[in-house]
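1. sequence first, predicted coordinates after that:
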Number of protein chains: 2
Amino acid sequence: MTRILVVDDDPALLRALVINLRARHFDVDTAVDGATALRHAASNPPDLVVLDLGLPDMDGVEVVAGLRGWASVPIVVLSARESQWAKVDALDAGADDYVTKPFGMDELLARIRAALRRAAPEPPTPVITTSGFTVDLAAHRVTRDGAPVRLTPTEWHVLEVLVRNPGKLVTQQQLLREVWGPAYDEQTNYLRVYVAQLRRKLEPTPARPRYLVTEPGIGYRFEP
Amino acid sequence: MTRILVVDDDPALLRALVINLRARHFDVDTAVDGATALRHAASNPPDLVVLDLGLPDMDGVEVVAGLRGWASVPIVVLSARESQWAKVDALDAGADDYVTKPFGMDELLARIRAALRRAAPEPPTPVITTSGFTVDLAAHRVTRDGAPVRLTPTEWHVLEVLVRNPGKLVTQQQLLREVWGPAYDEQTNYLRVYVAQLRRKLEPTPARPRYLVTEPGIGYRFEP
DNA sequence: AGGTGGCGTCAAGGTCGCGTCAAGACGGGC
DNA sequence: GCCCGTCTTGACGCGACCTTGACGCCACCT
């Protein structure tokens, strides 16, 4: 998960930031002064730093410089000072963005997303890996022993539904409705045929399924 | 020298920007509307784009999206709109920074420096190379065995969409929507014709496609 | 022990989608 | 107004995929 270090000495603002970031599924660390911020950043390097310049112990620009001494982590600066010289100082010290208080939370979040986006060189596609094969949902690709596996559209669709619910039981009705439509609730023979074909293409020993497991009378389950 | 493309329809502001940037020894190119901006960016790729959102011909966010389609160049947006939703839209579309008018020139220059600084270490070429042919997305050129290949506009557009998603499956609907528009969702025969023509022009053995692969019933895939 | 229902396997038939070709429609340049 | 390149449209053959039915097996129930 993406780690964000929030540095702010105002308890109310700090709390608001933490709540909003956690709600967006960020892993949030906090600090209330520059010294602890630098210590936390060193011991547990974050993917991004949100830094309020008005700190009790040291000048915010020094914190930026302190971080830039060894880390290339993106830094988004918060400040009450609107003077463009303050902005120039902070940006030239190594900050990546400068947001003036009061600010809108949605704007800050968008700026954080932008800063994270350019820091991430390649957006890794969500790929499901087992010891036997890998499934790349974005690229619609299945590989086994490094070689791509040819799947028919229906085979892929069945596999996709199972893989999107790793470890969870998918009932026959769910599968049939999702792949063939609501009118095919009871055509469980379709499932038998296609699950068998998937096993033949993916399982090391199709007779003894390890990844595509049958739950008799109920449905199927993908075991990662 | 560092090239900067400045896009603004206000002659006074454009002039001020150009003068200040040239004074800092930047190589400055200009455009007064979105269409020419995209054309200039394609024919002579800049290292950074300064983009005023209030353009006469198209929405500024569309220009951002148009650039982001093939280029990872940093984009600093200028706008008179202070609403945080405008900022969120532009940033999420791919802009790197958002500066509200009126702004201080020194602040803008500092933000430009910051944007250039973090973009510096990664110069990814917009050229896709396979063992059979090369595609230059920026220059709109395809070469095979060193010789340029003649493509019609539609052929190029289809190829471009596929090449922008190397290794990934592009569904028929995606392709049709992107090239012909949302109304052509189901004209899959267009794809059959144009993919065949591309294969004839690019594949070593058109009957056995190696780079432009069909995924039966789903779409096509470019294999790098 | 016999019966039953569900699952896995296989093969065959019919349908559908893809590749191919060619002719007509369209539009821009001269 | 003409000409050429490009786009659209239709027809056709072939192969792959989906559907369907039959059969054997196993587990569980009676």
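-> Everything's here; your move. Source: prediction; values computed, not measured.

2. gap between residue A:120 and chain B?
-> Distance of residue A:120 to chain B, computed by CB to the nearest CB, to the nearest Å: 11 Å. Just so you know, the C-beta spots here come from the backbone N, C-alpha and C atoms, and that holds for glycine as well.

3. contact partners for that residue?
-> Residues counted as contacts of residue A:120 (CB atoms under 8 Å, 6 or more residues apart in numbering or on different chains): none.

4. quick one: residue A:151 is in a helix?
-> No: checked against DSSP: H, G, I helix; E, B strand; the rest coil, residue A:151 lies outside a helix; its state is coil.

5. residues near it, how many?
-> Residue A:151 has 23 neighbours, counted by other CB atoms under 10 Å in any protein chain shown.

6. who's in contact with it?
-> Contacts of residue A:151 (CB under 8 Å, 6+ apart): A:142, A:159, A:198, A:201.

7. helix or strand with the lowest mean pLDDT in chain A?
-> Of all helical and strand segments in chain A, the minimum by mean pLDDT, DSSP states H and E falls on strand A:127-129, at a mean of 88.

8. which residues touch that strand?
-> Strand A:127-129 is contacted from outside by A:134, A:135, A:136, A:137, A:138, A:163, A:166, A:224, using CB under 8 Å, 6+ apart.

9. change it to 7 Å
-> A:134, A:135, A:136, A:163, A:166, A:224 (CB atoms under 7 Å, 6 or more residues apart in numbering or on different chains).

10. of these, select the buried ones using a ChimeraX command.
-> Selection of buried members from those for ChimeraX, criterion 16 or more other CB atoms under 10 Å in any protein chain shown:
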select /A:135,136,163
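
11. if we can go back for a sec, and the helix or strand following the least confident helix or strand of chain A, what does it pack against?
-> The first helix or strand that comes after strand A:127-129 along the chain, using DSSP states H and E, is strand A:134-136. Helices and strands touching strand A:134-136, by 3 or more CB pairs under 7 Å, 6 or more residues apart in numbering or on different chains; DSSP states H and E, are strand A:127-129.

12. please repeat the previous calculation with a cut-off of 8 Å.
-> For strand A:134-136, the packing partners by 3 or more CB pairs under 8 Å, 6 or more residues apart in numbering or on different chains; DSSP states H and E come out as strand A:127-129, strand A:141-144.

13. how far does it sit from the chain's center?
-> Mean-position distance between strand A:134-136 and its chain equals 17 Å (CA atoms, centre = their mean, to the nearest Å).

14. point out where chain A drops to low pLDDT.
-> Across chain A, the ranges flagged by pLDDT under 70 are A:121-124.

15. residues of it that sit close to chain B?
-> By CB under 8 Å from any CB of the partner chain, the residues of chain A that approach chain B are A:74, A:84-85, A:87-88, A:91-92, A:94-98, A:103-104, A:106-107, A:109-111, A:113-114, A:117-119, A:121, A:125, A:138-141, A:152-153, A:156.

16. looking at those residues, which are in strands?
-> A:97, A:98, A:141 (DSSP state E).

17. mind checking the end-to-end distance for stretch A:207-224?
-> 18 Å (CA to CA, to the nearest Å).

18. what about that stretch, near DNA strand C?
-> Yes: counting by CB under 7 Å from any atom of the strand, contacts between stretch A:207-224 and DNA strand C involve A:207, A:209, A:214, A:216, A:217, A:218.

19. quick check, nearest of the contacts of residue A:151 to chain B?
-> residue A:142 (11.1 Å; CB to the nearest CB).

20. find the nearest non-adjacent residue to the closest one, please.
-> The shortest distance from residue A:142 to any non-neighbouring residue, by CB to CB, 6 or more residues apart in numbering or on different chains, is to residue A:149 (4.4 Å).

21. any figure for the gap between that neighbour and chain B?
-> From residue A:149 to chain B the distance is 12 Å (CB to the nearest CB).

22. related to what we said a few turns ago, in TSV: the ones in strands among the residues of chain A next to chain B, plus distance to residue B:51.
-> Output for these, formatted as TSV (distance: CB to CB, whole Å):
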residue	distance to residue B:51
A:97	17
A:98	19
A:141	36
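
23. from the residues you listed, pick the one nearest DNA strand C.
-> Distance to DNA strand C across those (CB to the nearest atom of the strand) is lowest for residue A:141, with 17.0 Å.

24. contacts only, for that closest one.
-> A:135, A:148, B:167, B:168, B:169.

25. apart from its neighbours in sequence, what residue is nearest the second one?
-> Right, residue A:148. In space, residue A:148 is closest to residue A:141, 6.2 Å off (CB to CB, 6+ apart).

26. residue A:1 against residue A:24, yeah?
-> No: Residue A:1 is beyond contact range of residue A:24, at 10.7 Å (criterion: CB atoms under 8 Å).

27. circling back to that earlier point, dump the ones in strands among the residues of chain A next to chain B to JSON lines, plus distance to DNA strand D.
-> JSON lines is the format used below for those (distance: CB to the nearest atom of the strand, whole Å):
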{"residue": "A:97", "distance to DNA strand D": "42"}
{"residue": "A:98", "distance to DNA strand D": "47"}
{"residue": "A:141", "distance to DNA strand D": "15"}
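
28. pick the most buried one from the helices and strands packed on strand A:134-136.
-> strand A:141-144 (a mean of 18; mean count of other CB atoms under 10 Å in any protein chain shown).

29. CA atoms only: put it into PDB for me.
-> Coordinates of each C-alpha in strand A:141-144 appear next as PDB, following Å, rounded to 0.1, in the frame of the first residue of the first chain:
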ATOM      1  CA  ARG A 141      -3.500 -12.800 -20.500                       C
ATOM      2  CA  VAL A 142      -2.800 -16.100 -18.900                       C
ATOM      3  CA  THR A 143       0.700 -17.500 -18.800                       C
ATOM      4  CA  ARG A 144       1.900 -20.900 -17.700                       C
END
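
30. chain center to the next helix or strand after it, what's the gap?
-> Going down the chain from strand A:141-144, the next helix or strand is strand A:147-148, by DSSP H and E. Its chain's C-alpha centre and that of strand A:147-148 lie 26 Å apart, by CA atoms, centre = their mean.

31. quick one: strands adjacent to strand A:147-148?
-> Paired neighbours of strand A:147-148 in the sheet (DSSP bridges): strand A:141-144 (antiparallel).

32. buried subset of the contacts of residue A:141?
-> Buried among the contacts of residue A:141 by 16+ other CB under 10 Å: A:135, B:168, B:169.

33. pretty sure the last one is touching residue B:218, no?
-> Yes: taking CB under 8 Å as the definition, residue B:169 is a contact partner of residue B:218 at 6.3 Å.

34. mutual contacts of the two, please.
-> With CB under 8 Å, 6+ apart as the test, residue B:169 and residue B:218 both reach residue A:140.

35. format the buried ones among the contacts of residue A:141 as a markdown table; extra columns: distance to residue A:191.
-> Shown next, in a markdown table, are those (distance: CB to CB, whole Å):
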| residue | distance to residue A:191 |
| --- | --- |
| A:135 | 19 |
| B:168 | 28 |
| B:169 | 24 |
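
36. between those, which is nearest DNA strand D?
-> Using CB to the nearest atom of the strand, these come closest to DNA strand D at residue B:169, 14.0 Å.
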